[in-house]
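[1] Below: sequence and its predicted model.
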Amino acid sequence: MRYAGLTVLAVDDEPAALGHLKTMLQASATVERAMTAGSARDALVVLSHERFDAVFLDVRMPGVDGLAFARLLQRFAEPPAIVFTTGSREHAVEAFEIDAVDYLIKPVTNERLEITLSRIVAARPADARLESDPEEQGDGLDLLAAGRPGGSRVLLRPQAVHAVYAEEDQAVVLSEGKRFVVRRSLAELERRWARHGLVRVHRGHLANLTHAVALVPQLNGTATLVLDDGTELPVSRRMVGPLRRRLDA
């Protein structure tokens, strides 16, 4: 894959860690320009003058921490991709609730950084890429923070998701026999996880075709999609043909 180079801003109050990250970013063929800031306040000044594809944020910083600053960045008209860098995993769930592209544990290695950069590129709008081959985008984590009925929260991998359906103002995710709730639209989840096999089979239902085992036609021209965990999903008339062709491919 050939990319339009990324512009990246790294924010960290630790000079050594910030310098190390900048050096790795500048050495990557995926990055066109890397800048740094020692605090959220300094970063905001830089961001007021320039637009960046991604911002790498240290979670723990004096004053405004990385999580609070990420929420502020989400209010931008064109928010940058967010990547958190930290020495601990304790804020991972909260980070992915903010829709972070990735969560890096220090010390960051070149190999791990390249995976993160590939995810940023894959998440960019199509017109921001020079050339793109979906098969080269890699598997990625694409973790999603989801709620359990009891109030606890977990991180879901798209590969473990069987189906999603709309329920009032939220989406219900069926994963490995369990039910989770996320405040995301079906359209957003479909875009986010399309490369992992998630497709719309009905106006209110998404299915992960990697778990599909049978497409059963109905007398009225619709169909029922059966998944490997026994879940049965309605398939609209207009989706029966495209879905059958995709499953037979």
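    Yep, that arrived.

[2] Can you tell me the SS state at Leu67?
    helix (DSSP: H, G, I helix; E, B strand; the rest coil).

[3] ugh, wrong one, Glu78
    coil.

[4] Give me the number of neighbouring residues for it.
    8 (other C-beta atoms under 10 Å). Bear in mind the C-beta positions are built from the backbone N, C-alpha and C, glycine included.

[5] same thing with the one 4 residues further on?
    Here the number of neighbours of Ile82 (other C-beta under 10 Å) works out to 24.

[6] What are the phi and psi values at it?
    phi -110, psi 130 (degrees, to the nearest 10).

[7] so who does it touch?
    Going by C-beta atoms under 8 Å, 6 or more residues apart in numbering, Ile82 touches 54-55, 57, 70, 73-74, 98-101.

[8] any idea how far the closest residue in space to Leu227 that isn't next to it in sequence lies from Gln26?
    Among residues not flanking Leu227 along the chain, His211 sits closest, at 4.5 Å (C-beta to C-beta, 6 or more residues apart in numbering). Distance, His211 to Gln26, by C-beta to C-beta, to the nearest Å: 42 Å.

[9] Specify which residue of those two has the higher count of neighbours.
    His211 (19 against 12).

[10] Would you mind listing where the chain has pLDDT under the threshold?
    Confidence mapping of the chain against pLDDT under 70 gives the ranges 1-4, 88-97, 124-154.

[11] what about the helices in it?
    For the chain, the helices defined by DSSP state H occupy 15-27, 40-47, 66-73, 92-97, 110-123, 186-193, 237-248.

[12] In CSV, list the ones you listed along with distance to Val83.
    Shown next, in CSV, are these (distance: least, C-beta to C-beta, whole Å):
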stretch, distance to Val83
helix 15-27, 10
helix 40-47, 13
helix 66-73, 10
helix 92-97, 9
helix 110-123, 6
helix 186-193, 16
helix 237-248, 33
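
[13] Give me the residues contacting stretch 227-243.
    Contacts of stretch 227-243 (C-beta under 8 Å, 6+ apart): 162-163, 165, 174, 176-177, 199-203, 205, 207-209, 211-213, 215, 217, 220-226.

[14] Could you list the domains of this protein?
    When the chain is parsed with automatic domain parsing, its domains come out as 6-136, 150-248.
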